[in-house]
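Enquirer: fold the following for me, if possible:
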Amino acid sequence: MSVQKSQTPSMLATAAVQPPSLLHQVGMAGGAAVITVSFIHPIDVIKTRIQVSPEYSKLGMRGTAGKIVSSEGASALWNGVNAAWLREASYTSLRLGLYEPCKVAFGCTTPESTTFIKKFAAGSAAGALGSLAGNPFDVLKTKMMTAEGATPSIASTASDLFKNQGIGGFYRGIDSNVARAMVLNGTKMACYDTMKGFVVSVTGFERKSLLTTFFSAVAAGFFMTCTVAPFDMVRTRLMNQPSDAKIYSNALDCAMKIATQEGPATFWRGFFPIWSRFAPTTTLQLVIFESLRSMMGMESL
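Expert: A predicted model of the protein is given here:
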């Protein structure tokens, strides 16, 4: 009886520290992403309109938001949000949920072996896998966000795209999207992971503290904007081509035409809208994700 009693706490303790499965981690990441995009989507609509239209670019964020609301109604700021939910449930769930398993695969098993390059590589690998899964929804979301007037349904948008371009239309811009996802997620997760250590050492906050997560996520959002803006511009232009026409043949062709016809600075057009989206998106995603990890008995990233 005494042996049985002494073993029970040990068995319970062992069971309590079992990490969640890969499916649980991906699910937590997807849940955090879907909740976040529901609030952040209007900023994405404004950013995308600025990127594809010189008219909106001249208006800036406030002017673009005002024009959309006055001419199309406030609901237009949520154009394509259903496609965005599907995108986040596929793309972000993988790029965020697979980061830690990828870190282990790249040899990040001890503090000494966990370098910034390995963190970047792990984030990039997770981002590439997520992008392959989410590209069809990314295309639909981009087309729905840029549609002016009556809001098209996701079914009609998908039907029109398939009718004109076949299944390949859903993978329009896949090369630039994968490259963007690798740079974005590599920068995001490596900077976030590294900044957490910096914030802890400077402030004395615990690594799992909400303030540590907040400051680290905001910093990661800024560095993401610097590195991702050119890829974001190319991706948006490729995905927003008319369904019955092809302006750019591939990512390189698109980048060359933007640089020669509009100037290199065009790659960073919409920098502040992108940052204003990345900062809250990154912060909310990671705060919610870290909270869910804590509830599941996992350590902070």
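
Enquirer: packing partners for the helix or strand where Lys163 lies?
Expert: Using DSSP states H and E, Lys163 sits in helix 154-165. Secondary-structure packing of helix 154-165 (3 or more CB pairs under 8 Å, 6 or more residues apart in numbering; DSSP states H and E): helix 81-87, helix 116-146. Every residue, glycine included, has its C-beta placed from N, CA and C.

Enquirer: make CSV from those helices and add mean neighbour count and distance to Phe215 to it.
Expert: Shown next, in CSV, are the helices and strands packed on helix 154-165 (neighbours: other CB atoms under 10 Å; distance: least, CB to CB, whole Å):
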stretch, mean neighbour count, distance to Phe215
helix 81-87, 21, 27
helix 116-146, 23, 18
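
Enquirer: so which of those helices gets nearest Arg62?
Expert: When the helices and strands packed on helix 154-165 are compared by CB to CB, helix 116-146 sits nearest Arg62, at 18.1 Å.

Enquirer: so Pro152 is in which element?
Expert: Under the criterion DSSP H and E, no helix or strand holds Pro152.

Enquirer: wait, it sits on Met145?
Expert: No. The pair Pro152 / Met145 is not scored as a contact, 10.4 Å apart, by CB atoms under 8 Å.

Enquirer: for the protein, give me the ranges with low pLDDT.
Expert: 1-20 (pLDDT under 70).

Enquirer: quick check, central residue of it?
Expert: By CA atoms, centre = their mean, the chain has its centre lying nearest to Thr92, at 5.7 Å.

Enquirer: now the helices for the stretch 1-150 of the chain?
Expert: For the stretch 1-150 of the chain, helices defined by DSSP state H, counting those that start in this stretch occupy the ranges 2-16, 22-52, 54-72, 81-87, 93-97, 99-105, 116-146.

Enquirer: out of the ones you listed, flag the one nearest Met233.
Expert: Set against Met233 and scored by CB to CB, the helices of the stretch 1-150 of the chain come closest in helix 22-52, at 5.8 Å.

Enquirer: from the chain's centroid, how far away is that closest one?
Expert: Centroid separation for helix 22-52 versus its chain: 7 Å, with CA atoms, centre = their mean, to the nearest Å.

Enquirer: can you pull the buried residues of it?
Expert: For helix 22-52, a neighbour-count test (16 or more other CB atoms under 10 Å) marks 25-34, 36-37, 40-52 as buried.

Enquirer: angle of it against helix 116-146?
Expert: Calculated by axes from the mean of the first three to the mean of the last three CA atoms, to 10 degrees, helix 22-52 forms an angle of 60 degrees with helix 116-146.

Enquirer: next, the angle from helix 22-52 to helix 54-72.
Expert: Helix 22-52 and helix 54-72 are oriented at 100 degrees to each other (the same axes, to 10 degrees).

Enquirer: could you name the helices and strands sitting against helix 22-52?
Expert: helix 54-72, helix 81-87, helix 93-97, helix 99-105, helix 116-146, helix 210-239, helix 271-295.

Enquirer: circling back: can you put the helices and strands packed on helix 154-165 in a markdown table and add distance to Ala217?
Expert: Below are the helices and strands packed on helix 154-165 laid out as a markdown table (distance: least, CB to CB, whole Å):
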| stretch | distance to Ala217 |
| --- | --- |
| helix 81-87 | 20 |
| helix 116-146 | 14 |
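
Enquirer: among these, which is nearest Phe214?
Expert: Closest approach to Phe214 among the helices and strands packed on helix 154-165 is made by helix 116-146 (19.6 Å; CB to CB).

Enquirer: list the contacts for the residue nearest to the residue nearest to the centre of the chain when sequence neighbours are not counted?
Expert: Counting by CB to CB, 6 or more residues apart in numbering, Thr92 lies nearest to Ala33, which is 3.6 Å off, once chain neighbours are set aside. Residues near Ala33 by CB atoms under 8 Å, 6 or more residues apart in numbering: 88-89, 92-93, 96, 285.
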